[in-house]
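*Asks:* Got a predicted structure plus its sequence, pasted below:
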Amino acid sequence: MSERPTYFDEMFGHGTAARAPYADYSKWFADEDTARLLSKSEEAEALFRLIGVTFNVYGDPDATERLIPFDLVPRIIAAREWAKVAKGIEQRVRALNAFLHDIYHRQEIVRAGRLPAEMIARNDAFLPEMIGVSPPGDIYTHIVGTDLVRTGDDEFFVLEDNARTPSGVSYMLENRETMLHMFPELFSKIKVQSVGQYPRSLRKSLSACAPDACNGRPTIAVLTPGIHNSAYYEHAFLADQMSAELVEGHDLRVVDGRVAMRTTRGYKPIDVLYRRVDDEYLDPLNFNPDSVLGVPGIMDVYRAGGITIANAPGTGIADDKAIYSYMPDIVEFYTGEKAILQNVPTHRCSEPQDLKYVLDNLADLVVKEVHGSGGYGMLVGPAASKKEIEDFRAKLEAAPGNYIAQPTLALSTVPILTDAGLAPRHVDLRPFVLVSPDRIDITPGGLTRVALTEGSLVVNSSQGGGTKDTWVLEE
Amino acid sequence: MLGKTAGGLFWMFRYLERAENTARMIDAGLRISLTRSSAAESEWTSILSSTGLSRAYADVHGAPDGPKVIDFLLRDPNNPGSIMAGIEAARMNARVVRTALTREVWEAVNECYMVLKRLLAQQVEDRDLPRVLQVIRQRSAFVRGALHGTMVRNDIYNFARIGTFFERADNTARILDQKYYILLPSVRLVGSPSDNVQWDTILRATSTTRAYQTLHDGDVDPKAIAEFLILDGRLPRSLAFCYGKIGDNLGYLEQEYATRHTCHSLSDALCSKFKAHDMNAIFDYGLHEFITDFLRDSAALGRQIEIDYRFIE
């Protein structure tokens, strides 16, 4: 038996007394009856079910609509802790946008020898159609979800920069609504920074990126793959909250050089399209010809300045796991400053010494597919069986360039409510960032995902993870 | 507003209305089979015809048999026209048009679905049947109530209402189409007791027994029943009432969009039939012919609305 590592618990630190940000909550909790809280928990579930805050699991015909379990113990972050995180995210997002502009124009970073040319040339996430294209306002990543993990009092790492179509923001908002509904008294005792302004900020931020073709108040639409998509609820929610139309590919067509939606009064041009459809499916004329989710010819309208697509096509190159390991350099190159937030040390299996190290230490590492997402195609060494490790070894040796490896971080825990009272579980955090030409807007907090199984480090909802409300306290 | 959304609202409310009407018809059939078992089989046959599901039923089950018909209409997975399938389709449409609905309307339709999914998971036992039918009527009333109480009176509301009245008129007309022969004036002379049963079924299937009795002092008369269901503008399930409403709702759309379409002319033509005719004129023309014409014209109107408001490409 290897010695069990001790994890930093955000409520209790390494001890038994509540840390400062949790002091008031802890006092409140001590007077609460666990049975009452557990029944509140059921109430929350019924509420989510009724509202329809559900997600679909691919390949699971029996449960087309599932709930993401919600834990009602909030994750609490002090204002001072948040300020530093927010500053780090802002710096990183600024660098991501500068990087994307550069990569699709002069590629100065490659010329300067800071990024190997083949990282771009041989990367599927690089979109040649975007070369020389400057999106309206020069914004590529209008919406970013920066995945963070915490390992100590003052140690945050960026796990992933979701620069394509980050999801989960509806859970951030519904979780807060639910907490306000269930525990109004807590919010009068404890001053928590609000998140409810997000949809308005999103609308404002997208409007600020309207194309030249727009005259008057920008028309915004959310493009969804449809009701069978796993995040359909969120698409509908955001469209509703922004008073935007929720459109599918078959509602749209190119009319007089604009992308227009079929309304009861005829075709109406769209200025800003917040698309929740992957690049590949966006335009059957320019990309995957079999796609029925996109709009034939939208890329041509886009290149001619007739529409803003958020996020811009081709932003995937910035959150690619192979590029990730270069992020500290990328931040420094474009901002002239050291990165405020740390990267998780990353081994590139494409490089022989790294590969050897990874193969020798598979049992201790997390190995990820470069283009994978959602926790699929990933090995968590310490949690895997001998057989799983050996099976993975074969895959890795067959195509080392497809993988990166990282040490298993001692992810922080936050307690969840169980039948036996509070119990620590590992968490991560996805803050949501809005980028427009004049400002970067970070909603205080974000979505906390929690691994509900004791000891598990996998927080993905598709793999049995849950969520928590995230509180950033007022100063 | 998207054309797809208008279509989704129209169909969401058609499906809800249809499910509710099917529940009324089961109720009527059940009543007959409890009180006049000899007449039951032919009544189930006619109920299946009214719902347009005779063939689908015969393919699976053969001859009409009370419990099987009831299960078929309620929840049989082999029946795409069952109440459960209708509620699922209504909710599916509600998900598509969710941004057009208030939270209250969405929750009412979602809860309707969740409750019925549970109640109709297995074949309903006889003793539970009246309660289940009541829940179906009640749950659809909740959706209607949420719509009335919370929705802004704009194009969204109008498309929802047009779907409701379109389906309701269609249902009333189909019931009349099945039973027209017992409402003919000649029947009055015959006056056999079996006809009374059928009159009773018509009124039950449209949930109008009580209203009819109040307005006609309990005097059951076939001509009066026909007039009541076709021409009486006070009855919310009569053809005249439904088409008056469709005319109003289409009129609001015409105002809001400042555009008159072909569907407006078709609707006006249909509405004028109810204003111009009295029951004698309809009998002179032929009750069966009148109803057949109506079903044809209303189908044409439905298609025209779909085109004029771009429900589909």
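*Replies:* Yep, that arrived.
*Asks:* correct me, but B:His277 touches B:Leu231?
*Replies:* Yes: between B:His277 and B:Leu231 there is a contact at 7.3 Å, judged by C-beta atoms under 8 Å. No exception for glycine: its C-beta is placed from N, CA and C like everyone else's.
*Asks:* got the residue ranges for the strands in the stretch 301-450 of chain A?
*Replies:* Using DSSP state E, counting those that start in this stretch, the strands of the stretch 301-450 of chain A run over A:308-310, A:342-343, A:347-348, A:365-369, A:378-380, A:403-407, A:413-418, A:421-430, A:432-435, A:440-442, A:447-451.
*Asks:* For A:Val254, which of the ones you listed is the nearest?
*Replies:* strand A:308-310 (13.4 Å; C-beta to C-beta).
*Asks:* how many other residues sit next to the closest residue to A:Leu411 other than its chain neighbours?
*Replies:* In space, and not counting its chain neighbours, A:Leu411 is closest to A:His426: 4.4 Å by C-beta to C-beta, 6 or more residues apart in numbering or on different chains. By other C-beta atoms under 10 Å in any protein chain shown, the residues close to A:His426 number 24.
*Asks:* bridging residues for A:His426?
*Replies:* On the basis of DSSP bridges, A:His426 is bridged to A:Thr413.
*Asks:* Near chain A, which residues of the stretch 101-250 of chain B? Just list them.
*Replies:* B:Arg103, B:Trp106, B:Glu107, B:Asn110, B:Glu111, B:Met114, B:Asp155, B:Phe159 (C-beta under 8 Å from any C-beta of the partner chain).
*Asks:* Those, buried ones only, as a ChimeraX selection?
*Replies:* Selection command for ChimeraX covering only the buried members of those, criterion 16 or more other C-beta atoms under 10 Å in any protein chain shown:
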select /B:106,107,110,111,114,155,159
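*Asks:* so which two of the residues of the stretch 101-250 of chain B next to chain A are the farthest from each other?
*Replies:* Between any two of these, the greatest separation by C-beta to C-beta is 29.0 Å, found for B:Met114 and B:Asp155.
*Asks:* coming back round to it: filter the residues of the stretch 101-250 of chain B next to chain A down to just the ones in helices.
*Replies:* If you go by DSSP state H, these have B:Arg103, B:Trp106, B:Glu107, B:Asn110, B:Glu111, B:Met114, B:Asp155, B:Phe159 in helices.
*Asks:* Would you confirm that the fourth one contacts A:Leu50?
*Replies:* Yes: counting by C-beta under 8 Å, B:Asn110 does reach A:Leu50; the two are 6.1 Å apart.
*Asks:* At which residues are the strands of the stretch 101-250 of chain A located?
*Replies:* A:143-152, A:155-162, A:220-223, A:245-247.
*Asks:* got JSON lines for those, with mean pLDDT, distance to A:Ala399 and mean neighbour count too?
*Replies:* Converted to JSON lines, those look like this (pLDDT from 0 to 100; distance: least, C-beta to C-beta, whole Å; neighbours: other C-beta atoms under 10 Å in any protein chain shown):
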{"stretch": "strand A:143-152", "mean pLDDT": "96", "distance to A:Ala399": "25", "mean neighbour count": "22"}
{"stretch": "strand A:155-162", "mean pLDDT": "94", "distance to A:Ala399": "21", "mean neighbour count": "21"}
{"stretch": "strand A:220-223", "mean pLDDT": "98", "distance to A:Ala399": "33", "mean neighbour count": "25"}
{"stretch": "strand A:245-247", "mean pLDDT": "97", "distance to A:Ala399": "38", "mean neighbour count": "25"}
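*Asks:* can I get the ones you listed in CSV with distance to B:Leu147?
*Replies:* Compiled in CSV, the strands of the stretch 101-250 of chain A are given as follows (distance: least, C-beta to C-beta, whole Å):
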stretch, distance to B:Leu147
strand A:143-152, 34
strand A:155-162, 39
strand A:220-223, 24
strand A:245-247, 20
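*Asks:* and of the ones you listed, who's closest to B:Asp219?
*Replies:* If we rank the strands of the stretch 101-250 of chain A by C-beta to C-beta, the stretch that ends up nearest is strand A:245-247, at 54.0 Å.
*Asks:* Which strands border the next helix or strand after that closest one, and is each parallel or antiparallel?
*Replies:* The element immediately downstream of strand A:245-247 (helix or strand, assigned by DSSP states H and E) is strand A:252-255. Here strand A:252-255 is paired, per DSSP bridges, with strand A:258-263 (antiparallel).
*Asks:* Walk me through which strands the next helix-or-strand element following the strand it pairs with pairs with, and which way each runs.
*Replies:* Using DSSP H and E, the helix or strand that follows strand A:258-263 in sequence is strand A:266-269. Sheet pairing for strand A:266-269, assigned by DSSP bridges, gives strand A:258-263 (antiparallel).
*Asks:* and A:Gly306, what is it in contact with?
*Replies:* By C-beta atoms under 8 Å, 6 or more residues apart in numbering or on different chains, the residues touching A:Gly306 are A:Pro211, A:Ala213, A:Gly257, A:Arg258, A:Val259.
*Asks:* can you check A:Tyr140 too?
*Replies:* Here A:Tyr140 is in contact with A:Leu96, A:Asn97, A:Leu100, A:His101, A:Ala163, A:Asn311, A:Ala312, A:Gly314, A:Thr315, A:Ala318 (C-beta under 8 Å, 6+ apart).
*Asks:* Spell out which residues of the stretch 51-200 of chain A are next to chain B.
*Replies:* Checking the stretch 51-200 of chain A against chain B by C-beta under 8 Å from any C-beta, the hits are A:Ile51, A:Gly52.
*Asks:* one more time with 10 Å
*Replies:* Within the stretch 51-200 of chain A, the residues that sit near chain B (C-beta under 10 Å from any C-beta of the partner chain) are A:Ile51, A:Gly52, A:Thr54, A:Glu65.
*Asks:* looking at it, the first one is touching A:Tyr171, isn't it?
*Replies:* In other words, A:Ile51. No: using C-beta atoms under 10 Å as the test, A:Ile51 is too far from A:Tyr171 to be in contact (11.6 Å).
*Asks:* Compare these two and say which one has the larger neighbour count.
*Replies:* Neighbours of A:Ile51 and A:Tyr171, each counted by other C-beta under 10 Å, are more numerous for A:Tyr171; the result is 28 against 17.
*Asks:* Need the three-state assignment for the nearest residue to A:Leu452 once chain neighbours are set aside.
*Replies:* In space, and not counting its chain neighbours, A:Leu452 is closest to A:Gly466: 4.9 Å by C-beta to C-beta, 6+ apart. Put simply, A:Gly466 is strand when judged by DSSP: H, G, I helix; E, B strand; the rest coil.
*Asks:* thinking again about what came up before, of the residues of the stretch 51-200 of chain A next to chain B, which is the most crowded?
*Replies:* A:Gly52 (23 neighbours).
*Asks:* For that one, give me phi and psi.
*Replies:* phi 90, psi 30 (degrees, to the nearest 10).
*Asks:* which residues does B:Val132 contact?
*Replies:* B:Ala23, B:Ile26, B:Ile70, B:Leu74, B:Arg75, B:Ile83, B:Leu116, B:Leu119, B:Leu120, B:Val124, B:Glu125 (C-beta atoms under 10 Å, 6 or more residues apart in numbering or on different chains).
*Asks:* Just the closest of those residues to B:Ser140, please.
*Replies:* The nearest member of the contacts of B:Val132 to B:Ser140, counting by C-beta to C-beta, is B:Ala23 at 8.2 Å.
*Asks:* Report the separation between the closest one and B:Val132.
*Replies:* Using C-beta to C-beta, to the nearest Å, B:Ala23 is found at 9 Å from B:Val132.
*Asks:* again with B:Thr208
*Replies:* 22 Å.
*Asks:* So in chain B, which helix runs the longest?
*Replies:* Chain B, longest helix under DSSP H: helix B:3-35.
*Asks:* downstream neighbour of the helix or strand bottoming out on mean pLDDT in chain A in the secondary structure list?
*Replies:* In chain A, no helix or strand scores lower on mean pLDDT, DSSP states H and E than strand A:54-55, which sits at a mean of 76. Downstream of strand A:54-55, the first helix or strand assigned by DSSP H and E is strand A:66-67.
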